[in-house]
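> Next comes the sequence, and after it the predicted model I'd like to discuss.
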Amino acid sequence: TIRNIWVSLSAFFNWYSREFGLTNPMKNVPAPKFEEKPVEPYSKEEVESLLKACDQSREVNSRRRSNFTMRRYTCLRDRAIILMLLDTGLRASEICSLTIGDVDFKSGKVQVRHGVRGGAKGGKGRTVYIGKVARNMLWRYLVTRDDNEDMSAPLLDGKFRHPLNRNALRRLLSRLGQKAKVLNCHPHRFRHTFAITYLRSGGDVFTLQSQLGHSTLEMVQHYARIAQVDVEQAHRKASPADNWRL
């Protein structure tokens, strides 16, 4: 937070100095240092608890009858959200911007569209994939909707059939996390989990970079360090100049 304030003030006074030819009071103020928070992926047990939390509502305490729970009407959608986030590493804005036509259920291909409508950072779209488990859950959710043949309809709907938005997604996962007793439950943590699990399962850093939509390897290398993957070794395997023996 303090660094963000410093960045804002620095940018403003840089403009102020250029525009009016006056001294920049931020010139000699060094950027505050901070310690980055460690990336903590979800464990398998935490994801299982979140999926289980999708099924039933909180226990209702009633004076007239014994305590009871009810099946949540959004349980299929919420399970599909968790599995898709886990399987693709999509950002919150990206998954909320998907339409039904963006998903190929035969191949598992998911198309993140270019531009603002696709929700991708920097407007750069890409292709990601979901596995059979996520595809099956997404199909089970969509068959309950009467607009499932409309390729332009939002893939994930919120209240009154409006597209689910980022804030609603964050609130949903936060509530599920509280119910499942999973701390720090938010969409971006699924992105961390996807990246680290992908590398630990034998995926390479260059494919991961493409899947995550990063323009550089910097963040991917960060994930690689956490996953204890040797980036140098991965590059050695993928180097065309070495492998072609030029």
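Sure thing, it's come through.

> hey, where'd the helices end up in the protein?
2-20, 44-53, 75-88, 92-96, 132-142, 166-180, 187-200, 205-212, 218-227, 231-238, 240-243 (DSSP state H).

> what about the chain, any weak spots by pLDDT?
Along the chain, the model assigns pLDDT under 70 to residues 58-62, 65, 67-69, 230-231, 246.

> tally of neighbours for the residue nearest to Ser174 when sequence neighbours are not counted?
Among residues not flanking Ser174 along the chain, Cys185 sits closest, at 5.9 Å (Cβ to Cβ, 6 or more residues apart in numbering). C-beta here means a position set from N, CA and C on the backbone, and glycine is covered the same way. By other Cβ atoms under 10 Å, the residues close to Cys185 number 23.

> for Asn24, same thing?
Asn24 has 15 nearby residues by other Cβ under 10 Å.

> and it, what does it touch?
13-14, 16-17 (Cβ atoms under 8 Å, 6 or more residues apart in numbering).

> so how far is Leu51 from it?
53 Å (Cβ to Cβ, to the nearest Å).

> Would you point out which residue is most central in this protein?
Nearest to the mean C-alpha position of the chain, counting by Cα atoms, centre = their mean, stands Arg91 at 3.4 Å.

> Hmm, that residue is touching Arg191, no?
Yes. Applying Cβ atoms under 8 Å, one finds Arg91 in contact with Arg191, separated by 6.7 Å.

> picking up where we left off before, surely the residue nearest to Ser174 is in contact with Gly177?
Yes. In terms of Cβ under 8 Å, Cys185 counts as a neighbour of Gly177; the distance is 2.6 Å.

> and for these two, which residues touch both?
By Cβ under 8 Å, 6+ apart, the residues touching both Cys185 and Gly177 are Leu50.

> For the residue nearest to Ser174, grab phi and psi.
Backbone dihedrals for Cys185, given as degrees, to the nearest 10, come out at phi -90, psi 110.

> Out of the helices of the chain, which gets nearest to Phe34?
helix 2-20 (5.6 Å; Cβ to Cβ).

> Tell me which other helices or strands that closest one touches.
Secondary-structure packing of helix 2-20 (3 or more Cβ pairs under 8 Å, 6 or more residues apart in numbering; DSSP states H and E): no helix or strand packs against it.

> Show the backbone phi and psi for the residue nearest to the centre of the chain.
According to degrees, to the nearest 10, Arg91 has phi -70, psi 160.

> ok, it - contacts?
Taking Cβ under 8 Å, 6+ apart, one finds 119-121, 187-188, 191, 213 in contact with Arg91.

> Go again with 10 Å.
By Cβ atoms under 10 Å, 6 or more residues apart in numbering, Arg91 lies in contact with 85, 97, 112, 119-121, 166, 187-188, 190-191, 212-213.
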